[in-house]
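> Only the shape, not the letters, is given here:
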Ligand SMILES: Cc1ncc(COP(=O)(O)O)c(C=O)c1O
């Protein structure tokens, strides 16, 4: 069960020590970083307490439970039959991406991305000293879709790797099976290796169908990188997985430093097992709350800020808001903080051409969301 919020959720939330609650002064309402305000699932809290009370906090050893947990969750949630032996632990999704880049590409090689996309896609590519090539999503019929023709041209031009975000942060799009099948055919034709960041997938709303990239035919050379960290709100526990599309793909990355395994937290890895196998009810309850919030935000914006363009996301708790009606502005972020006392993420963090957008996190209690939209109104006024 999700805990009932206290009568004043903000005073409780401000006691938290995570980045979300420490980055800005206490008079600023933080609605920026992708962290939920809800309590962590009781099953995960019990697992952590149990591990601590047994002083079982050493280095992570072999963890067959993780592959098995992924297999069970993926089969029941998405009918994806994955081989548990192809699942390996890694400290977080960012390290997974960078280490895969380092093994599969050499400095100067190009990685394709599709903006607007999660800020760190840019930093991971820099960290591995690779070139970034962007084929932006196409905005059509109020939705954002992959530009398949643009992607083919980029593949033809010699892109080595393609880092796809599915579901896509910040637009909340769940790429369709058809789009993914087209990508896998192109990747096969042009010899491009696909790395699919599926960290938001468990948060796909029940009216949508998420398709894991590795469940698509011809995806054997690809990798999925994911974690329980977003969906179960445990980013600080530091654990994620790489799922290889085949034994050959796993062998290809077997030259990664052994530290990739060793740096993973034992607490995080076992918490992920508990999340995937024992806290699915909590996930479903959380999704119902988020579903109410994504619609509440639509209502609030229609009432208070009808000029803001907002497409209800198909997955996760991030709202991509178009503020263009308020005029050209390079610093909505600063204005919203100084004038409205609300923190969001600036659109240009997801690609430089998105300066008229902001991203708002709505994974909170309804009263906090109402407060947030009122502060946005003040900030934009
Ligand atoms: C698409 C995407 N990938 C990865 C991450 C971060 O994952 P990690 O903390 O495991 O590196 C986020 C965080 O918001 C994200 O949205």
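Received, thanks. Everything numeric in this text was worked out from a predicted model, so none of it was measured.
> is it true that residue 332 touches residue 323?
Yes: with contacts defined as C-beta atoms under 8 Å, residue 332 counts as touching residue 323 at a distance of 5.8 Å. In short, each C-beta sits where N, CA and C put it, glycine included.
> shared neighbours of the two, anything?
Between them, residue 332 and residue 323 share these contacting residues under C-beta atoms under 8 Å, 6 or more residues apart in numbering: 356, 358, 380.
> Show me what counts as buried in stretch 243-254.
Residues 243, 244, 245, 249, 250, 252, 253 are the ones in stretch 243-254 that count as buried (16 or more other C-beta atoms under 10 Å).
> That stretch: end-to-end distance?
12 Å (C-alpha to C-alpha, to the nearest Å).
> That one: how far from the chain's middle?
23 Å (C-alpha atoms, centre = their mean, to the nearest Å).
> what do you get for stretch 153-168?
Stretch 153-168 sits 18 Å away from the centroid of its parent chain (C-alpha atoms, centre = their mean).
> and that stretch with the ligand, contact?
Yes: residues of stretch 153-168 are located near the ligand by C-beta under 6 Å from any ligand atom, namely residue 165.
> show me the contacts for whatever residue of the stretch 151-300 of the chain ends up closest to the ligand.
Residue of the stretch 151-300 of the chain nearest the ligand, by C-beta to the nearest ligand atom: residue 169 (3.8 Å). Counting by C-beta under 8 Å, 6+ apart, residue 169 touches 34, 117, 118, 200, 316, 318.
> repeat that with 6 Å
Counting by C-beta atoms under 6 Å, 6 or more residues apart in numbering, residue 169 touches 118, 318.
> hmm, back to that, want to try JSON lines for the buried residues of stretch 243-254, with secondary structure as columns?
Formatted as JSON lines, the entries for the buried residues of stretch 243-254 read as follows, by DSSP: H, G, I helix; E, B strand; the rest coil:
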{"residue": "243", "secondary structure": "strand"}
{"residue": "244", "secondary structure": "strand"}
{"residue": "245", "secondary structure": "coil"}
{"residue": "249", "secondary structure": "helix"}
{"residue": "250", "secondary structure": "helix"}
{"residue": "252", "secondary structure": "helix"}
{"residue": "253", "secondary structure": "coil"}
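> Might you report the residue contacts of residue 124?
Taking C-beta under 6 Å, 6+ apart, one finds 94, 97, 98 in contact with residue 124.
> That one belongs to a strand?
No: checked against three-state DSSP, residue 124 lies outside a strand; its state is helix.
> Could you pull out the strands in the stretch 151-300 of the chain for me?
161-165, 193-197, 223-226, 240-244 (DSSP state E, counting those that start in this stretch).
> mean confidence score for the third one?
Average pLDDT, strand 223-226: 98.
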